[in-house]
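> How does the following fold in three dimensions:
(chains A and B)
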Amino acid sequence: MKVLVTVKRVIDPYVKVRVKSDGSGVETANIKMTMNPFCEIAVEQAVRMKEAGVVTEIVVVSVGAQQSQETLRTAMAMGADRGILVDAGVDVEPLAVAKLLKAIIAKENPQLVITGKQAIDDDSNQTGQMISALMGWPQATFISTITVNGDTADVTREIDGGLEKLTIKLPAVVTSDLRLNEPRYVTLPNIMKAKKKPMEVIKPDALGVDVTPRLKVLKVQEPPSRSAGVKVADVKELVAKLKNEARVI
Amino acid sequence: MSIYNAPLKDMHFALHEIAGLSEVLSLPGFEDVTPELVAAVLSEAGKFAREVLDPLNRTGDTIGARLENGVVTAPEGYRAAYAKFIEAGWNGLGADPAYGGQGLPHTVAMVVQEIWNSANMSFCLAPMLTSGVLEALRHHASPEQHALFSPKLTAGEWSGTMNLTEPQAGSDLSAVRTQAVRQGGHYLLRGTKIFITWGEHDMSENIVHLVLARTPDAPEGVKGISLFIVPKFLLGADGSAGERNDVKCVSIERKLGIHASPTCVLSYGEDKGAVGHLVGEENRGLEYMFTMMNHARLGVGVEGVGLAERAYQHALEYAKTRVQGRVMTKMRGQPSGDRVTIIHHPDVKRMLLSMKAQTEAMRALAYTAGAALDKARRHPDPAEKRRSQALVDLLTPIVKGWCTEQGVEVASTGMQVHGGMGFVEETGAAQYLRDARITTIYEGTTGIQANDLVGRKVAFEKGATAMALIAEMRALDAPLAALGADFSAARSNFTAAIDSLESATLWVVDTYSQSPNAVAAVAVPYLKLFGAVAGAWVMARSAIVAREKLKAPESDREFLTAKMNTARFYAEHILPQARAHADTVITGSASVLALEEAQF
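Take a look at the predicted model:
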């Protein structure tokens, strides 16, 4: 079966993020970027399923700026077969991303779509769910295991109370959680091979999707820095402070 | 404890703007290598270094390699890391595609080596030696030997070692005594080799020792030394590792640094003789070894760069988090300012800048030598090929000698930034200094490099390449003048330093023919002089390029203005030492030679 995996280019998690001086967003120019770690897990899962003989083709898709081609190449070095970039710039909201992906999915016709559960830049946690709704497909979010059995898949979801086991009908959308797998290190020979794999670049217009933002960012600012803690004498004082000063109980 | 992040932006800047990567990539054989590919390789190498190698550096230092019953065990985690390293194919990065290598340019391999060295120098000595063995085999091994050894070494399934030193034969290899006696199709070796890095360990299936030894009727001295391949496990009929050869590790050294890397005493032929295979012809071993010497020496220079970078990152993180003292700008009689992180103190900033400036200069110079090596090997124009070979020959002792000496100094400054906390092992600053200390010693001490520079390189060709380089340096005066008043001191320092280098070079050329001893007495100051000025040359070019790039509207201002300022700092704080070195070179040899042995 064919799998479609989505990947997003985000600020490298080891970089200290800074707010732009005009408060319009965070600084992304000239900063090291990398594949969103949850997307990396999604790609790894598809590659493992291909190695296990369950999957025949992996198409990896990114919505973003031209530089996202690097991210797609990394996914192809991990083992994806070909890449599609929807060249839509950086500020695309989840709904627009989901609509673009819907158009691609309609063309590609995969049996399974794997997305990361969220991207570490804006932490929206929406795209997978929106694709599912737009396609009218079953969804299983935050998965930590997946086994495909013919036209269904058994998955384990990581939920607040523990683990939830579900069987979903294919085609479906799943979103990867941290414990689904540990992504491999890309090998040097595969980096070299990846640059010869096919890459298609599509404009949003060609997919008939309007990507104009619907939300307005008023201001982005650093969270207030933490002030020093205080020592309390006993539990009674702690409870009193939580009640009267912090007002959390 | 800091986390290593490969300084990719700085590396790309040095690669593209100073070393001239595009010219390297246009050489025949590199048609498939694009800048995007290089960027992907460096980015993935940085990730591997950060996540796999760097976290093992500290534990490797604390635990160290262990020897029990002739078996050497690498520190915990190293075996698994090595397996990941070879599985990811990093071992064959610069190796010949004919044996499964990726054949990437030497220039690129050098950047990746810097990354490994920053993260974990002890670890990367193993693959570095393997590539040294491959390099030696490349030119001199028979097709049969290649078939047996090169693919496994390229993959890293087998690792390699260099066996030169013996207790009585250190820098002077003419004293090598290990015996090799021909027996049928092979030789039997007997003798003791010392200082064999990763000479015995449990990370690879087999170890391929390259050993210098003498055949019974060989002439005395360096012309009687042959080169042998001695595998730890003899090869079965199918080429796989079989029965144990008669070579064993009898001890490993306790040493100041690189604790994770076992430095072995290897005993050959205690029992029936160690089976060895002759490489090339008898008595030409040293000559064969020298063909890989440039390669290995540049590699050690890169160790200096890698450790300097790592020590800098470590000190920088400490300086940005350690709160101590208050800002000095408050006026007397007013309440003192807030307590600040120590990077706000001018002297700490000065130390950090000296680390940054020296590291950037060393890096750009090393990559420049790497690019010259690629051009020397592959340039289609014979004149350009010769010119590049002359440049790499000249730069090799400088990159080896100067980058390692500066590496020690930078690591030492890194400790100084930490204050008393740096002297304490817990902060990790001391390890970089201890690890760096070997780099000025092995693969030819700084003294050996300096003798090579003044003798075989500068005096031998009457200073031709050095003078050509000096002319290139002088050509930067006009673009430096265009940088404006901020750079006027830097510019005049640069001119004065070039004058110093020129007069010292003329002195070396003039003096060497009558009194090589006088030159040898001040060879190290000459090497340091050359390094300081060559460093200024690449830093001046950095500043000029950065100013040019700043004209673009979307330029990376923060990065580029820092590049300019760092170059200026170099010219104002580091470069003035050049003059002092030149004075020592020109006036200082007599006092060295005057004192008799008995007077010491």
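> Go ahead and report the secondary structure state at A:Ala106.
Following DSSP: H, G, I helix; E, B strand; the rest coil, A:Ala106 is assigned to helix.
> What number of residues are in the vicinity of it?
By other CB atoms under 10 Å in any protein chain shown, 11 other residues sit near A:Ala106. No exception for glycine: its C-beta is placed from N, CA and C like everyone else's.
> Next one: it, what pLDDT does it get?
Per-residue confidence at A:Ala106 stands at 97 (pLDDT).
> same question, B:Gly325
Per-residue pLDDT puts B:Gly325 at 89.
> Give me the phi and psi angles of it.
Per-residue torsions, B:Gly325: phi 80, psi 180 (degrees, to the nearest 10).
> what residues are up against the closest residue to chain A within the stretch 151-300 of chain B?
Taking CB to the nearest CB, chain A has its nearest neighbour within the stretch 151-300 of chain B at B:Ala155, 10.6 Å off. The contact partners of B:Ala155, by CB atoms under 8 Å, 6 or more residues apart in numbering or on different chains, come to B:Ile86, B:Asn91, B:Gly92, B:Gly100.
> just checking, what packs against the lengthiest strand in chain A?
Ranked by residue count under DSSP state E, the longest strand found in chain A is strand A:139-149. On a contact count with 3 or more CB pairs under 8 Å, 6 or more residues apart in numbering or on different chains; DSSP states H and E, strand A:139-149 meets helix A:37-51, helix A:127-135, strand A:152-159, strand A:162-169, strand A:172-176.
> Run the chain-centre distance for the helix or strand just after the last one.
If you walk from strand A:172-176 toward the C-terminus, the next helix or strand you reach (DSSP states H and E) is helix A:188-194. Averaged C-alpha coordinates place helix A:188-194 at 24 Å from its chain's average position (CA atoms, centre = their mean, to the nearest Å).
> try stretch B:89-106
19 Å.
> can you give me the strands for the stretch 151-300 of chain B?
Taking DSSP state E, counting those that start in this stretch, the strands of the stretch 151-300 of chain B run over residues B:158-163, B:179-183, B:186-197, B:206-213, B:226-231, B:233-235, B:241-244, B:247-252, B:263-268, B:274-278.
> Show me chain B divided up by domain.
Chain B breaks down into these domains under automatic domain parsing: B:8-144, B:159-283, B:462-587.
> The longest one and chain A, any residue contact?
So that's domain B:8-144. Yes - contact of domain B:8-144 with chain A (CB under 8 Å from any CB of the partner chain) involves B:8-9, B:32, B:34, B:36-37, B:39-41, B:43-44, B:47-48, B:50-52, B:84, B:87-90, B:92-93, B:102.
> Out of these, list just those in strands.
Using DSSP E, no member of these falls in strands.
> just how off-centre is stretch B:340-347 within its chain?
Relative to its parent chain, stretch B:340-347 has a centroid offset of 32 Å by CA atoms, centre = their mean.
> do the same with stretch B:288-297
How far stretch B:288-297 lies from its chain's middle: 13 Å, per CA atoms, centre = their mean.
> Pull out the buried positions in it.
Using 16 or more other CB atoms under 10 Å in any protein chain shown as the test for burial, stretch B:288-297 gives B:Tyr288, B:Met289, B:Met292, B:Met293, B:Asn294, B:His295, B:Ala296, B:Arg297.
> again with stretch B:5-24
For stretch B:5-24, the neighbour count (16+ other CB under 10 Å) marks B:5-8, B:10-15, B:17-21, B:24 as buried.
> In helices only, show me these.
B:Leu8, B:Asp10, B:Met11, B:His12, B:Phe13, B:Leu21, B:Val24 (DSSP state H).
> how deep is the one residue in the stretch 101-250 of chain B that gets nearest to chain A tucked in, by neighbour count?
Closest residue of the stretch 101-250 of chain B to chain A, CB to the nearest CB: B:Gln102 (5.7 Å). Other residues lying near B:Gln102 total 23 when counted by other CB under 10 Å.
> and if you look at B:Met473?
Neighbour count of B:Met473, defined by other CB under 10 Å: 22.
> I'd guessed it sits against B:Trp537; true?
Yes - with contact defined as CB atoms under 8 Å, B:Met473 counts as touching B:Trp537 (4.8 Å).
> Just send the contacts of B:Ala155 back as CSV, with neighbour count too.
Output for the contacts of B:Ala155, formatted as CSV (neighbours: other CB atoms under 10 Å in any protein chain shown):
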residue, neighbour count
B:Ile86, 21
B:Asn91, 27
B:Gly92, 26
B:Gly100, 17
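> out of the residues you listed, who's nearest chain A?
Scanning the contacts of B:Ala155 for proximity to chain A, where the rule is CB to the nearest CB, the winner is B:Gly92, at 7.3 Å.
> List the residues that contact B:Pro582.
Careful, residue B:582 is Ala and not Pro. So, once contact is read as CB under 8 Å, 6+ apart, B:Ala582 ends up touching B:Ser500, B:Leu501, B:Ser503, B:Ala504, B:Leu529.
> Would you mind giving me the confidence score for the third one?
According to the model's per-residue confidence, B:Ser503 sits at a pLDDT of 98.
> now it, what's its secondary structure?
helix.
> now it: how far from B:Lys47?
Note on B:Ser503: its distance to B:Lys47, by CB to CB, to the nearest Å, is 48 Å.
> wait, what's in contact with B:Val265?
Contacts of B:Val265 (CB under 8 Å, 6+ apart): B:Thr192, B:Lys193, B:Ile194, B:Ile196, B:Gly199, B:Cys249, B:Val250, B:Ser251, B:Ile252, B:Glu253.
> still on that earlier bit, between B:Ser503 and B:Lys47, who's got more neighbours?
Using other CB under 10 Å as the criterion, B:Ser503 and B:Lys47 rank with B:Lys47 on top: 19 against 14.
> Please tell me I have it right and that one contacts A:Tyr185.
Yes - the criterion here is CB under 8 Å, and B:Lys47 meets it with A:Tyr185 at 7.3 Å.
> related to what we said a few turns ago, tell me which of the helices and strands packed on strand A:139-149 is the most buried.
Among those, ranked by average contacts under mean count of other CB atoms under 10 Å in any protein chain shown, first place goes to strand A:172-176 (a mean of 27).
> tell me the angle it makes with helix A:37-51.
Computed by axes from the mean of the first three to the mean of the last three CA atoms, to 10 degrees, the angle separating strand A:172-176 from helix A:37-51 equals 120 degrees.
> Mind listing the strands strand A:172-176 pairs with, and their directions?
Strand A:172-176 has the following strand partners under DSSP bridges: strand A:112-116 (parallel), strand A:139-149 (parallel).
> avg pLDDT for it?
Strand A:172-176 carries an average pLDDT of 98.
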